[in-house]
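Trainee: Just need the structure, nothing else, for what follows:
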Amino acid sequence: MAASTALPADKRAQQGGLLFLASLLVFFIAGIVTFVLYASWRETAFIQAEKLPLSFAWSTLCLVFVSGLLHWAVASVRREHCRQALLLLIAALAGSVAFLAIQGLAMWHVAGGYATAGLEAGLAGMMLVLALLHALHVIGGVAALVIVTIRLSRGLYDHERHWGISFTALYWHFLDLVWIVMLFAFWYTSGGFAS
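Mentor: Here you go, the predicted model:
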């Protein structure tokens with residue numbers, strides 16, 4: 001009978017990571033559903049009044065770019081191309097910082113544009129809170145990227161031991177999915193994107 005290649009500690013880490021993502025999924029689904037319900041119950045002209053900043057779309061491209069780099073980094077580690085994986089992780093770090101900078105500008109625009117919107121400020125506030133919560137989770141993802149980058153540079157990952165990088169990539173894929181759904185909810189409850 002063949003022995004399992006994963007140690008029990010690896011399996012516990014995997015289960016804990018997946019439970020963490022499941023709890024975050026419930027959290028974000030509840031927030032997005034609440035936002036959409038609140039927006040649909042409003043009887044104002046907010047749905048067509050304000051446009052989303054185009055920087056929300058640009059930040060989405062950064063997020064997808066980071067996720068793609070991390071997917072590639074995991075594949076590189078599995079093939080024992082650790083130097084390539086290290087370069088990909090560094091590029092992902094740069095992309096994640098770009099995401100946060102662009103996202104900050106977008107949130108600043110939303111706060112300034114909707115601050116004088118009267119009754120619609122409640123909806124803009126909810127939008128800002130959801131975007132800020134997502135950005136805080138991105139900051140957690142940046143911290144994870146820093147940790148796995150340092151660990152990879154020290155030679156602590158290889159084709160058998162790469163759960164840290166794999167989970168970090170999975171977390172960023174999760175952040176992608178949540179942001180795309182959130183952005184669709186923002187777009188649906190606004191006048192679309194500004195040109």
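Trainee: Could you use CA atoms for every contact and neighbour count after this?
Mentor: Fine.
Trainee: Which residue ranges of this structure form strands?
Mentor: Listed in chain order, the chain contains no strands at all (DSSP state E).
Trainee: for it, what helix or strand is lowest in average pLDDT?
Mentor: helix 46-49 (a mean of 53; mean pLDDT, DSSP states H and E).
Trainee: what residues are up against the spatially most central residue of the chain?
Mentor: Computing the C-alpha centroid of the chain and ranking residues by CA atoms, centre = their mean puts residue 175 first, at 2.6 Å. Contact partners of residue 175, counting by CA atoms under 8 Å, 6 or more residues apart in numbering, are 134, 137-138.
Trainee: Which of these ranks first by neighbour count?
Mentor: residue 138 (21 neighbours; other CA atoms under 10 Å).
Trainee: what's that residue in contact with, if anything?
Mentor: Applying CA under 8 Å, 6+ apart to residue 138 gives the contacts 96, 100, 172, 175.
Trainee: which residues of this protein score low on pLDDT?
Mentor: Low-confidence segments of the chain, defined by pLDDT under 70, are located at 1-10, 42-50, 113-122, 191, 195.
Trainee: Helices along the protein, start to end?
Mentor: Under the criterion DSSP state H, helices of the chain are mapped to 8-41, 46-49, 55-78, 82-114, 121-153, 163-188.
Trainee: wait, which of those helices is closest to residue 194?
Mentor: Residue 194 lies closest, by CA to CA, to one member of those: helix 55-78, at 9.3 Å.
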